[in-house]
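*Asks:* coords below, sequence missing:
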């Protein structure tokens, strides 16, 4: 089960985790967790495996992650200066921001008209996917392992053959009048 | 130097426009080759899995444009493999639409009445049937009950799904593992192969070139099986007739790339693109109110909690498909399932400060995912999409190994289009927020623009050479022997799911293609039965096709 625990204290890992945590926030994994802001009471995108997914070559993002991180921290540095926030220190600039400031910056970067919007939207898309579809893992295995996103959403577990089947699916009774102009083929007239 | 391979008819794409024409032409005696850029997925390969590289990401493409993103099939069977098999016919008023050109968009030869015999052929071939309420998923039932509660009607939509084989898994976007969905790989395509057609997967057509004998040379790249960014080979095939059916997001790109060697394209190639006026709203259902207000319950504990259960769209509200209403205010509102990832990121959190597609509120909304209900609007847009310069290969610069790419489409929705969308948004909200049944918010257009699963009209039929790329026989103006039969040939938004209309137009185009092929010396006739041998649909159209069956 990927836990998204920082394997290193690298600026890249911390920065990407902080970005993912802004998209779908989680609980801090420990008292020293600096990348996860702790804006939720349970696991978010980071623990759902955002870093594993971003580092999966099939995304097409992997080779660009270092550049994303540099850009993001550059934006964060400017944001901090513009808002009179303290700069400098050990942590990457984006990680130093509060959850609210991270959110405001991500909002600006993904807004229509921002020249880099496309990149940040793509990064956000995969951070979202780590949580809501666990695209870095086989889905039956992710469900069996209690993947935090699929579990939180209540995504149904498949049968032992890995395939999903719902035996109950319908209220089974008429629930509305049909449109009076429906043709015999069941189409609108 | 090796001789270039030759065929009578080269079909580009194996979705509705390609499969239907390939079948009839092969059955009529022509040598047919189909080039499909995506893989050929066998039923056993269709997984219930979001893992990158599974059938879910192999089978379709998500192409991000400027102001409009397009979801389309990318496999043998095309859209029919990944669609939801909802097959209503277009309402009568659609064929009278004037749209952005201020006069009737459709060719004068086509109306609902003249298209009905061709719809009948498709219905027979695909096994389209009306659903009854016992077939309808909980989500469809909930939408129907909510419509009824607000004084509206609601209809189970006609589908091509074998209800006895369907397990309501809602994995249709990854292809149907249970062979319940009647995709083209179960009817037209195997019948075409049985008549000698050759289908080549992972062959992406790049451009066409005119030959001295009046035929065409079709240049393709062979695409890597798992990393679609990689080209492994290339080649060319000569054909006397070319049928372009690469989809509305790709057909105009191929033609624009071919312009240097083919000559000037009609003005409407790569213009007048329509997203079928599509728009999505996500509701978060109040389970208690579903029980108390609508009187619905699954069992003692659950009133709904069934977003994941079902088979795509089951029930639609058609009250606004009223010919008396002005254009741009007519639309259908259809209950829909969208899987996570593509179906969640654009959803905004009802009641939260916008943008609310990410953040703490969104996470709380995801926690209630089982209580979601998606309502899909299909309205009348203004055909405002325009394709820019083609990318180096294919129809997009592929970003990921599969699925995700950046395409040259620009779409700036007009006030007319926005009028349809906002009217529909307001109506969905009125229906579902009545008496506290749900909270509703539309998907954001800020991230990837508007979003369509039914791209249309980028190379359309019509009577006016300035605003239509094809004549009413689907032949490309000024380029005899090239026909376009996919969604790009549909003149505009249909206000309902378009597969049935795309398929009917493809059926209707075949006699004209046969005639053109015969004029070019191909020994082919028109008149094949349905792919399974049924003949009642053929009986309804043979008199319409007399010219070419002679």
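*Replies:* Yep, it's here. Please read these numbers as outputs of a predicted model, since none were measured by experiment.
*Asks:* which one is the residue of chain A found nearest chain B nearest to, not counting chain neighbours?
*Replies:* Closest contact between chain A and chain B, by CB to the nearest CB, is at residue A:186 (3.3 Å). For the C-beta atoms, the positions are set from N, CA and C on the backbone; glycine is no exception. Setting aside the residues directly before and after it, residue A:186 is nearest to residue B:130 in space (CB to CB, 6 or more residues apart in numbering or on different chains), at 3.3 Å.
*Asks:* need the contact list for residue 170.
*Replies:* Unless you meant another one, I'm taking chain A. Shown in contact with residue A:170 (CB atoms under 8 Å, 6 or more residues apart in numbering or on different chains): B:133, B:134, B:135, B:136, B:137, B:138, B:141.
*Asks:* switch to chain B, please.
*Replies:* Neighbour list for residue B:170: A:164, B:308, B:309, B:310, B:311, B:312, B:337, B:339 [criterion: CB under 8 Å, 6+ apart].
*Asks:* now the two most distant members of these.
*Replies:* A:164 and B:312 (14.3 Å; CB to CB).
*Asks:* of the two, which one has the most company?
*Replies:* residue B:312 (25 against 22; other CB atoms under 10 Å in any protein chain shown).
*Asks:* ok, residue B:423 touching residue B:331?
*Replies:* Yes. Counting by CB atoms under 8 Å, residue B:331 is a contact partner of residue B:423 at 7.3 Å.
*Asks:* follow-up on the earlier one: pretty sure the residue of chain A closest to chain B sits in a helix.
*Replies:* No. The assignment for residue A:186, made by DSSP: H, G, I helix; E, B strand; the rest coil, is coil rather than a helix.
*Asks:* I'd like to know how many residues surround it.
*Replies:* Neighbours of residue A:186 under the rule other CB under 10 Å: 21.
*Asks:* next one: residue B:274
*Replies:* Residues within reach of residue B:274, counting by other CB under 10 Å, total 34.
*Asks:* which residues does it bridge with?
*Replies:* Under the criterion DSSP bridges, residue B:274 forms beta bridges with residue B:456.
*Asks:* from residue B:229, how far out is it?
*Replies:* For residue B:274, the distance to residue B:229 equals 29 Å [CB to CB, to the nearest Å].
*Asks:* residues near residue 188, how many?
*Replies:* Defaulting to chain A. Residue A:188 has 25 neighbours, counted by other CB under 10 Å.
*Asks:* meant chain B actually
*Replies:* Other residues within reach of residue B:188, judged by other CB under 10 Å, total 31.
*Asks:* now do the contacts for residue 186.
*Replies:* Using chain A. Residue A:186 neighbours (CB under 8 Å, 6+ apart): B:88, B:129, B:130, B:131, B:155, B:156, B:157, B:158.
*Asks:* that's the wrong chain, I wanted chain B
*Replies:* Going by CB under 8 Å, 6+ apart, residue B:186 touches residue B:179.
*Asks:* wait, what's in contact with residue 54?
*Replies:* Because you didn't say which chain, this covers chain A. When contacts are counted by CB under 8 Å, 6+ apart, residue A:54 is found next to A:16, A:20, A:61, A:62, A:65, A:123, A:126, A:127, A:130.
*Asks:* that was the other one, I meant chain B.
*Replies:* If you count contacts by CB under 8 Å, 6+ apart, residue B:54 has them with A:138, B:47, B:174.
*Asks:* if we take those, which one ends up nearest to residue B:520?
*Replies:* Nearest to residue B:520 out of those is residue B:174 (CB to CB; 40.4 Å).
*Asks:* give me the neighbour count for the closest one.
*Replies:* The tally of other residues near residue B:174 (other CB under 10 Å) stands at 24.
*Asks:* quick one, phi psi at the closest residue in space to it that isn't next to it in sequence?
*Replies:* Nearest in space to residue B:174, with sequence neighbours left out and distances taken as CB to CB, 6+ apart, is residue B:56 at 4.0 Å. When read as degrees, to the nearest 10, the backbone of residue B:56 gives phi -60, psi -40.
*Asks:* for chain B, which residue gets nearest to chain A?
*Replies:* For chain B, CB to the nearest CB, closest residue to chain A: residue B:130, 3.3 Å.
*Asks:* can you tell me how far that residue is from residue B:539?
*Replies:* Residue B:130 sits 22 Å away from residue B:539, going by CB to CB.
*Asks:* state which helix of chain A is the longest.
*Replies:* In terms of residue count, the longest helix belonging to chain A (DSSP state H) is helix A:65-82.
*Asks:* distance between that helix and the chain's centre?
*Replies:* Mean-position distance between helix A:65-82 and its chain equals 19 Å (CA atoms, centre = their mean, to the nearest Å).
*Asks:* just checking, what packs against the next helix or strand after that helix?
*Replies:* Using DSSP states H and E, the helix or strand that follows helix A:65-82 in sequence is helix A:93-96. The contact analysis (3 or more CB pairs under 8 Å, 6 or more residues apart in numbering or on different chains; DSSP states H and E) places helix A:93-96 against helix A:11-23, helix A:65-82.
*Asks:* which residues touch the last one?
*Replies:* Going back to what we said before, that points to helix A:65-82. With CB under 8 Å, 6+ apart, helix A:65-82 has contacts from A:11-12, A:15-16, A:19, A:54-55, A:61, A:85-87, A:92-94, A:96-97, A:101, A:104-105, A:109, A:116, A:119, A:123.
*Asks:* picking that back up, the residue of chain B closest to chain A contacts residue B:158, correct?
*Replies:* Yes. In this structure, residue B:130 is within contact of residue B:158 by CB under 8 Å, at 5.2 Å.
*Asks:* which residues are in contact with both of those two?
*Replies:* By the contact definition CB under 8 Å, 6+ apart, residue B:130 and residue B:158 are jointly contacted by A:185, A:186.
*Asks:* between these two, tell me which one has more neighbours.
*Replies:* More crowded of residue B:130 and residue B:158, by other CB under 10 Å: residue B:158, with 23 against 18.
*Asks:* the contacts of residue A:54, buried ones only, as a PyMOL selection?
*Replies:* PyMOL command restricting the contacts of residue A:54 to the buried ones, with burial defined by 16 or more other CB atoms under 10 Å in any protein chain shown:
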select buried, chain A and resi 16+20+61+65+123+126+127+130
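*Asks:* okay, the contacts of residue A:54 in a markdown table with distance to residue B:505 and pLDDT next?
*Replies:* Converted to a markdown table, these look like this (distance: CB to CB, whole Å; pLDDT from 0 to 100):
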| residue | distance to residue B:505 | pLDDT |
| --- | --- | --- |
| A:16 | 48 | 98 |
| A:20 | 45 | 98 |
| A:61 | 40 | 94 |
| A:62 | 43 | 95 |
| A:65 | 46 | 96 |
| A:123 | 41 | 97 |
| A:126 | 38 | 97 |
| A:127 | 41 | 98 |
| A:130 | 41 | 98 |
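*Asks:* ok, now which ones touch residue B:254?
*Replies:* Counted by CB under 8 Å, 6+ apart, residue B:254 has contacts B:12, B:205, B:206, B:207, B:208, B:244, B:246, B:390, B:395.
*Asks:* ok, 7 Å please
*Replies:* Residues near residue B:254 by CB atoms under 7 Å, 6 or more residues apart in numbering or on different chains: B:12, B:205, B:207, B:208, B:244, B:246.
*Asks:* residue A:108 sits in which helix or strand?
*Replies:* If you go by DSSP H and E, residue A:108 is part of helix A:99-109.
*Asks:* any residues touching the next helix or strand after that helix, and which ones?
*Replies:* As assigned by DSSP H and E, the chain's next helix or strand after helix A:99-109 is helix A:117-132. Contacts with helix A:117-132, where a contact means CB under 7 Å, 6+ apart, come from A:19-20, A:23-24, A:44-45, A:48-50, A:53-54, A:59, A:61, A:68, A:106, A:109-111, A:135-136, A:149, A:153, B:340-341, B:344-345, B:358, B:366, B:447-448.
*Asks:* filter those residues down to the buried ones.
*Replies:* A:19-20, A:23-24, A:44-45, A:48-50, A:53-54, A:59, A:61, A:68, A:106, A:109-110, A:135-136, A:149, A:153, B:340-341, B:344-345, B:358, B:366, B:447-448.
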